[in-house]
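Novice: Quick one: sequence plus predicted model below, questions after.
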Amino acid sequence: MSTAVETPPLRLHFPFVADTSLVLRPGLDMADDADFFLFCQDNSDLRIERSATGELNLEMPTKSLTSERNALLTTLLGIWALQTRLGKPYESSGGFRLPSGAIRSPDAAFIFHERLAALTHDEREGFLPLAPDFIVELRSETDRLVTLQEKMVEWRDSGVRLGLLIDPTTCTVEIYRPNSEVLVLSDPEIIDCSPELPGFELNARILFDISA
């Protein structure tokens, strides 16, 4: 009796990025959430998103300054969430399945308890099938601004109540709300996230002032 031989995963190496490779298991359907989740697990060193049309966006590990900003951003949001107990904060590896079918991962996010309570246990275990109430995208030195702006519109149109696009390279913040024009703040010290997040005042100066 012949024994089936399992085809090993294909591993693609990126010589221009040290110690970075992409693992592809044969037969994975990237339109299937379970398969896509497995693909993300196999490539946990990468940040991976899926667009509504099935295109994959892979981001390499961030540089130190961006990583530091991301950590501080998540910390500031997390402290507010612990103090208010209004909901749950999420960091940059959390994936959300939007109504369009896209799976996106903002740099920081927040969801109120009452919306999370409406989800089943299985839904809480996978990519959350909703758009967060609040998200932040933090531009790194390699991000194209227009790409992030398109992503912010996608977040807004998917149901995000408040979205911030923070650009440390120009010290500007773009604020996205449903049915509103984009508000651009130049070199703000504090970003008032009320009324969507009551009492949350994000200190933008801390993120802008980080330097090597």
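Specialist: Looks like it arrived, so ask away. Note that this is a predicted model, so its numbers are computed, not measured.
Novice: Quick one: residues contacting the most centrally placed residue in the chain.
Specialist: Computing the C-alpha centroid of the chain and ranking residues by Cα atoms, centre = their mean puts residue 106 first, at 1.8 Å. If you count contacts by Cβ atoms under 8 Å, 6 or more residues apart in numbering, residue 106 has them with 90, 92, 94, 96, 132, 135, 136, 137, 155. Where you see a C-beta, it was placed from the backbone N, CA and C, and this is true even at glycine.
Novice: please redo it, this time with the cut-off set to 10 Å
Specialist: Residues in contact with residue 106 (Cβ atoms under 10 Å, 6 or more residues apart in numbering) are 49, 90-92, 94-96, 131-132, 134-138, 151-152, 155, 160, 163-164.
Novice: Next: residue 71.
Specialist: 91, 92.
Novice: Buried ones in the helix or strand it falls within, by neighbour count?
Specialist: Using DSSP states H and E, residue 71 maps to helix 64-84. Going by neighbour count (16 or more other Cβ atoms under 10 Å), the buried part of helix 64-84 is 66, 69, 70, 73, 74, 76, 77, 78, 80, 81.
Novice: would a markdown table of those residues with pLDDT and distance to residue 36 be doable?
Specialist: Converted to a markdown table, the buried residues of helix 64-84 look like this (pLDDT from 0 to 100; distance: Cβ to Cβ, whole Å):
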| residue | pLDDT | distance to residue 36 |
| --- | --- | --- |
| 66 | 80 | 25 |
| 69 | 89 | 27 |
| 70 | 89 | 23 |
| 73 | 94 | 26 |
| 74 | 94 | 24 |
| 76 | 95 | 30 |
| 77 | 96 | 26 |
| 78 | 96 | 27 |
| 80 | 97 | 31 |
| 81 | 97 | 28 |
